[in-house]
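>>> fold the following.
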Amino acid sequence: MEYNLITKGKIFNPVEISEYSTGGIVSHQILSKEIGNISLFTFDKGQKLSEHSAPFDALVQVLEGEVEVNINRKPLILKAGDMVIMPANIPHSLNAISKFKMILTMIKGE
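This is a model prediction of the structure:
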């Protein structure tokens with residue numbers, strides 16, 4: 001199901017429509033199709049996604065704040081405007097250095 005604050009064909013600002021949850025992580029699917037999906041995430045400071053892997057590449061685009069992304073246990077610090085591709089089948093994790101917002105784009109396939 002797609003995020004209900006977004007209407008196809010209309011302009012939206014993901015930073016403005018996403019809200020933080022104290023002590024939590026919030027995610028909304030912006031677009032979901034058989035070939036992949038686009039999700040909007042907000043993380044409160046100190047929140048983490050534990051190490052895991054996915055069977056396809058995933059693009060992280062930081063909209064606001066700062067996050068440590070670990071790819072194969074190698075830390076990368078991203079801030080607003082930065083992007084990184086997390087490779088398929090490689091362990092990765094996220095740790096919110098500050099409150100941050102990101103768009104995650106996953107496209108399935110080889």
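>>> where do the helices of this protein begin and end?
Using DSSP state H, the helices of the chain run over 14-17.
>>> which residues of it score low on pLDDT?
Within the chain, the ranges that satisfy pLDDT under 70 run 1-5, 110.
>>> ok, now with 50
Under the criterion pLDDT under 50, the flagged ranges of the chain are 1-2.
>>> can you pull out the strands in it?
Counting by DSSP state E, the chain has strands at residues 25-33, 36-43, 48-52, 58-64, 66-71, 74-79, 83-86, 92-96, 100-107.
>>> using JSON lines, lay out those strands together with mean neighbour count.
In short, each C-beta sits where N, CA and C put it, glycine included. Shown next, in JSON lines, are the strands of the chain (neighbours: other C-beta atoms under 10 Å):
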{"stretch": "strand 25-33", "mean neighbour count": "14"}
{"stretch": "strand 36-43", "mean neighbour count": "20"}
{"stretch": "strand 48-52", "mean neighbour count": "12"}
{"stretch": "strand 58-64", "mean neighbour count": "18"}
{"stretch": "strand 66-71", "mean neighbour count": "18"}
{"stretch": "strand 74-79", "mean neighbour count": "13"}
{"stretch": "strand 83-86", "mean neighbour count": "16"}
{"stretch": "strand 92-96", "mean neighbour count": "19"}
{"stretch": "strand 100-107", "mean neighbour count": "19"}
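>>> tell me which of these lies nearest to G9.
Comparison of these against G9 by C-beta to C-beta identifies strand 25-33 as nearest, at 12.8 Å.
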